[in-house]
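Q: Here's my sequence, what's the structure:
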Amino acid sequence: MSAHGGRRGRRGRGHAGEHENEERWLLTYSDMITLLMALFMVLFSISSVNTSKYNELQKSLQDAFSGKILSGGNKILSSGSHGKSPVPKAQPAIEPIKPQIGSTSTNAQKAKDDKEFKRIKQEIDSYARQHGLSKQLQTTIAKRGLVVRILTDRVVFDPGQASLKAPAVPVLTGVAHALQIDKTHPIMVEGHTDNVPISGSQFPSNWELSTARASVVVRFLIHTGINRFRLGAAGYANLYPVASNSTDIGRSKNRRVEIVLLRQDQQITPDIPGNG
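A: Alright, predicted model coming up:
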């Protein structure tokens with residue numbers, strides 16, 4: 001073969017290769033057309049509904065939810081038949097927890113206190129009758145405890161004074177003896193006066209006088225053997241009258257000392273710093 005013939009052969013094969021490369025895009029295009037056709041067929045199959053099969057499915061679901069197959073299906077069917085979700089019933093509001101007033105333990109303690117108070121009251125009342133002190137010595141069971149009321153006018157104290165008179169000793173001795181029946185309840189001694197201002201006394205006002213008288217009675221009770229840690233003293237001047245201050249009889253009733261045997265749920269001790 002001549003050199004010229006060899007050159008023609010090479011040119012011929014190069015031209016065929018270039019023509020083949022130019023037609024390869026047809027393969028890619030035909031693949032894309034095939035995929036699009038398959039996609040359209042799938043979409044068409046999805047969009048096409050077989051009416052007979054759909055009706056058969058609907059009937060099967062109705063049988064299932066009608067109670068023939070699933071128990072309670074009627075409620076599901078009725079709640080979903082209108083295309084609405086079942087509306088939950090309104091729940092009642094949560095009520096706040098209330099403190100239990102008058103619980104069993106409180107009632108039991110109150111009953112125990114009342115039983116103790118009645119016993120002491122009977123003892124004091126009997127002592128007052130035996131010694132002719134019923135007018136000066138009175139007892140009552142109140143909400144705060146057993147109240148022993150001692151009228152101080154001309155029996156326990158002189159007017160405007162806080163020193164015990166001789167007739168006061170048997171009165172306070174009888175009260176102290178009855179109070180010693182109990183060993184646990186706190187005792188508050190309270191001084192009270194009428195509304196007449198003090199004149200010619202060592203005390204500048206009824207406040208100091210009422211407080212001093214309560215303190216004197218506390219010291220007497222301690223002397224009889226009552227635990228000092230159970231005792232407290234307070235003076236209220238003329239703040240809490242039990243009778244009218246417009247008459248002599250009323251004012252004489254207001255001049256008094258009250259010894260209160262408190263209930264167990266009350267205390268007279270102060271809060272001590274550092275003890276919580």
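Q: Strands along the chain, start to end?
A: Assigned by DSSP state E, the chain shows strands spanning 137-141, 145-151, 187-192, 231-235, 256-262.
Q: residues making contact with the fourth one?
A: Where contact means CB atoms under 8 Å, 6 or more residues apart in numbering, the residues beyond strand 231-235 that reach it are 186-191, 207-215, 217-218, 221-222, 268. For the C-beta atoms, the positions are set from N, CA and C on the backbone; glycine is no exception.
Q: Endpoint to endpoint, stretch 136-144 covers what distance?
A: When the termini of stretch 136-144 are compared using CA to CA, to the nearest Å, they are 22 Å apart.
Q: May I see the buried residues of that stretch?
A: Residues of stretch 136-144 classed as buried: Q136, L137, Q138, T139 (neighbour count, 16 or more other CB atoms under 10 Å).
Q: Apart from its neighbours in sequence, what residue is nearest the third one?
A: Read it as Q138. Among residues not flanking Q138 along the chain, R149 sits closest, at 4.5 Å (CB to CB, 6 or more residues apart in numbering).
Q: Do I have it right that that neighbour meets R256?
A: Yes. Counting by CB atoms under 8 Å, R149 touches R256, with 5.7 Å between them.
Q: Mutual contacts of those two, please.
A: Overlap of the contact sets of R149 and R256 (by CB under 8 Å, 6+ apart) consists of V242.
Q: Of those two, give the one with the bigger neighbour count.
A: Under the criterion of other CB atoms under 10 Å, the comparison of R149 against R256 puts R256 first, with 25 against 18.
Q: For that one, report the pLDDT, please.
A: Here, the pLDDT recorded for R256 equals 96.
Q: Can you give me the neighbour number for the closest residue to G174 other than its chain neighbours?
A: Excluding its sequence neighbours, the residue lying closest to G174 (CB to CB, 6+ apart) is Y127, at 4.1 Å. Other residues near Y127 come to 19 when the count uses other CB under 10 Å.
Q: do the same with the one 3 residues further on
A: By other CB under 10 Å, the residues close to Q130 number 10.
Q: Distance of it relative to P170?
A: According to CB to CB, to the nearest Å, Q130 stands 11 Å off from P170.
Q: Next up, the contacts around V260.
A: Residues counted as contacts of V260 (CB under 8 Å, 6+ apart) are R144, G145, L146, V147, V148, I187, M188, V189, E190.
Q: where in the stretch 1-150 of the chain is pLDDT low?
A: 1-23, 45-51, 53-54, 57, 61, 64-105 (pLDDT under 70).
Q: Which pLDDT does the model give the closest residue to R255 other than its chain neighbours?
A: Nearest residue to R255 in three dimensions, chain neighbours excluded: D153, at 4.9 Å (CB to CB, 6+ apart). Looking at D153, its pLDDT is 84.
Q: Could you check how far D153 is from G235?
A: Counting by CB to CB, the gap from D153 to G235 is 17 Å.
Q: Could you give the number of residues near L27?
A: L27 has 9 nearby residues by other CB under 10 Å.
Q: meant to ask about I198
A: Neighbour number of I198 under other CB under 10 Å is 16.
Q: Need the nearest residue in space to it, chain neighbours excluded.
A: Excluding the flanking residues, the one nearest I198 by CB to CB, 6+ apart is G160, at 5.5 Å.
Q: Contacts only, for that neighbour.
A: With contact taken as CB under 8 Å, 6+ apart, G160 is in contact with I198, S199, G200, S201, F203, L209.
Q: And these, which of them are buried?
A: Neighbour-count burial within the contacts of G160 applies to I198, S201, F203, L209; the criterion is 16+ other CB under 10 Å.
Q: Looking at the protein, which helix is longest?
A: Longest helix in the chain, counting residues (DSSP state H): helix 104-130.
Q: what helices or strands is that helix leaning on?
A: With contacts defined as 3 or more CB pairs under 8 Å, 6 or more residues apart in numbering; DSSP states H and E, helix 104-130 has these neighbours: strand 137-141, strand 145-151, helix 168-179.
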